[in-house]
Structures are given as C-alpha cells and as structure tokens.
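got a predicted structure here, sequence first:
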Amino acid sequence: MSMGMTQSLKPEMSLRQTLKAEQRQEMVASMTLSIRLELVAALHNGPNGTTTIRPMASCVHCGRNLTPLEIIKGFNNDPNDFSTACTGCKRRFDPTLVWHDNVGSIELPFYCNMQTQSRLAGLETLSPVDFKAKEPALYHSAIVHNGTLKAAFQRLNIEYSFVEITDPAIKVKQFLGRLPDTIIAEVSGLKLAVVRRLRKKYRIKACTQRVMLEQAQESVA
C-alpha cells in the first residue's frame with residue numbers, strides 16, 4: 001500500500017474510532033439510566049416490591065418510540081417547554097411517565113429537571129403522601145431525576161424535613177457494583193462513605209466505565 005493511500009485512510013479510520021467511542025458512551029449512558037431507574041423504583045417500592053418506572057414517548061408525528069435517554073436528552077432548557085425532540089423526524093411533542101406499583105399504573109406528564117426545579121419552591125411543607133396526591137406529575141418527575149424530594153429541594157437550598165425512604169441501606173444492596181457509588185449515594189440519600197462501606201462489607205468491586213459497558217453489551221446480546 002502506498003504512502004498516499006495510507007494517509008487517505010487515516011481520517012476514515014479516525015472517524016470509525018470516534019463513532020465507536022460515541023456508541024460506547026451512548027450504551028453506557030443508556031445502561032446507567034436504566035439501572036438508575038431500577039434503583040429509584042426499588043427505593044420507593046410498595047409493600048409487594050412491584051414498582052417500575054419508565055419515561056415513554058411515541059412521536060405523534062412519525063410514530064418513533066424514544067428511549068428514556070433520548071427523551072431526557074431531547075428536553076429544552078426551558079422551564080415552560082414540556083416537549084422533547086424526536087430523534088427521527090426532529091419534531092417536538094410531550095413525553096409521559098408511566099409509574100406502576102402494587103396499587104396500579106398511572107401515566108403522567110413527564111417534566112425535565114429544570115421544569116421540576118422551577119415548580120418546587122413553596123411545596124416543601126407537604127409530606128410525601130400529600131405531595132404525591134396534590135402534585136402527582138411534579139412529584140414523580142422529581143423522584144425520577146433526583147431520587148428523593150429532599151435531594152430535589154436541596155438543589156434549591158431548601159430544607160425538606162420529611163422521611164421518604166425506609167431502610168435505604170438494605171434497598172441499595174442489589175445495586176452495589178452495578179452503579180457507581182456516587183450515583184447510589186445521590187439517589188438514595190445515603191452518604192457516599194456509607195455506600196462505600198456497604199460495598200466493601202459485601203466484598204463487591206466498585207462499578208467502573210468498563211463494568212457499565214459490559215452490562216450494556218450483555219443486555220443487547
């Protein structure tokens with residue numbers, strides 16, 4: 001192969017490598033969000049442990065079904081725009097959030113975290129039960145993005161004094177090593193040092209980018 005041909009192949013090879021790197025990052029991000037939603041559901045499980053959470057969006061224009069990651073990435077940084085962008089036709093429409101537990105299933109409007117944050121102030125006096133009853137869409141969106149109302153209010157420097165999750169240390173056990181310690185701590189409300197101690201107690205290796213990629217590849221195998 002001539003020097004000229006070798007040089008002409010370099011940009012193409014670089015592009016392929018970049019695409020592979022982007023694909024890997026997308027797979028890891030999608031898997032991380034999927035397991036994170038499992039963790040949120042586990043923390044808020046009802047008596048029978050049947051809670052599932054899934055953002056959903058089927059484009060009203062072209063019929064494309066978006067993944068949860070595509071929905072979240074498609075939001076605008078606008079507290080008054082509730083739409084997401086279709087990854088197919090690029091047009092915008094409103095997504096929903098399906099929350100299923102032992103009581104039944106509900107389908108609600110799904111807000112991005114900016115929209116959620118912009119509507120929280122003044123509601124910190126509501127207990128989780130009252131919050132869920134009076135502002136169901138806001139409650140469930142806050143939980144999905146932040147894990148707890150307490151964490152959502154903390155982003156606004158507002159104290160939320162109600163207890164939301166019982167036995168978080170027990171509920172996070174099955175996720176140790178499947179998610180980074182930092183994400184488990186953020187979602188559960190446990191201190192990072194506590195999560196690390198729990199993982200070491202059970203002799204579970206820390207979750208790395210490589211572990212997340214392996215989990216993602218296994219899910220599509």
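Nice, I can see it.

and the most centrally placed residue in the chain, what element?
If you average the C-alpha coordinates of the chain and look for the closest C-alpha using Cα atoms, centre = their mean, you land on L33, 4.0 Å from that point. Using DSSP states H and E, L33 falls within helix 3-43.

distance check, the residue nearest to the centre of the chain against F93.
20 Å (Cβ to Cβ, to the nearest Å). Glycine gets a C-beta too; all of them are placed from N, C-alpha and C.

do L37 as well
As judged by Cβ to Cβ, L37 and F93 stand 21 Å apart.

ditto for L192
Between L192 and F93 the distance, using Cβ to Cβ, works out to 38 Å.

more neighbours: which of those two?
Neighbours per residue (other Cβ atoms under 10 Å) separate L192 from F93, with F93 holding more: 18 against 12.

just to check, that one is in contact with M56?
No: look at F93 against M56 with Cβ atoms under 8 Å: they stay out of range, at 11.7 Å.

ok, then the element right after the helix or strand of the chain with the lowest mean pLDDT?
Ranked by mean pLDDT, DSSP states H and E, the helix or strand of the chain with the weakest confidence is helix 3-43, at a mean of 75. Scanning forward in sequence from helix 3-43, with DSSP H and E defining helices and strands, the next element found is strand 52-56.

can you give me the domain assignment for the protein?
Here the chain is described, according to automatic domain parsing, as comprising the domains 32-166, 167-221.

what is the end-to-end distance of stretch 147-162?
According to Cα to Cα, to the nearest Å, stretch 147-162 extends 14 Å from its N-terminal end residue to its C-terminal end residue.

backbone dihedrals for R91, please?
For R91, the backbone dihedrals (degrees, to the nearest 10) come out as phi -80, psi 170.

ok so, going back, can you tell me which residues contact the residue nearest to the centre of the chain?
Taking Cβ atoms under 8 Å, 6 or more residues apart in numbering as the definition of contact, the neighbours of L33 are P68, L69, I72.

on that earlier part again, can you say which of the domains of the chain is nearest to E26?
Smallest distance to E26 across the domains of the chain (Cβ to Cβ): 7.6 Å, for domain 32-166.

from the chain's centroid, how far away is the strand or helix carrying S141?
Using DSSP H and E, the element containing S141 is helix 136-146. Between the mean C-alpha point of helix 136-146 and the mean C-alpha point of its chain there is a distance of 11 Å (Cα atoms, centre = their mean, to the nearest Å).

for that helix, buried residues please.
For helix 136-146, a neighbour-count test (16 or more other Cβ atoms under 10 Å) marks A137, L138, Y139, H140, S141, A142, I143, V144, H145, N146 as buried.

skipping adjacent residues, who's closest to the second one in space?
By that I understand L138. Distance criterion Cβ to Cβ, 6 or more residues apart in numbering; nearest residue to L138, sequence neighbours excluded, is R119 at 5.5 Å.

where does pLDDT dip in this protein?
Counting by pLDDT under 70, the chain has low-confidence residues at 1-19, 46-49, 220-221.

next up, the contacts around the closest residue to P128 other than its chain neighbours.
Excluding its sequence neighbours, the residue lying closest to P128 (Cβ to Cβ, 6+ apart) is E164, at 5.1 Å. By Cβ under 8 Å, 6+ apart, the contact set of E164 is H44, P128, T148, L149, K150, G189.
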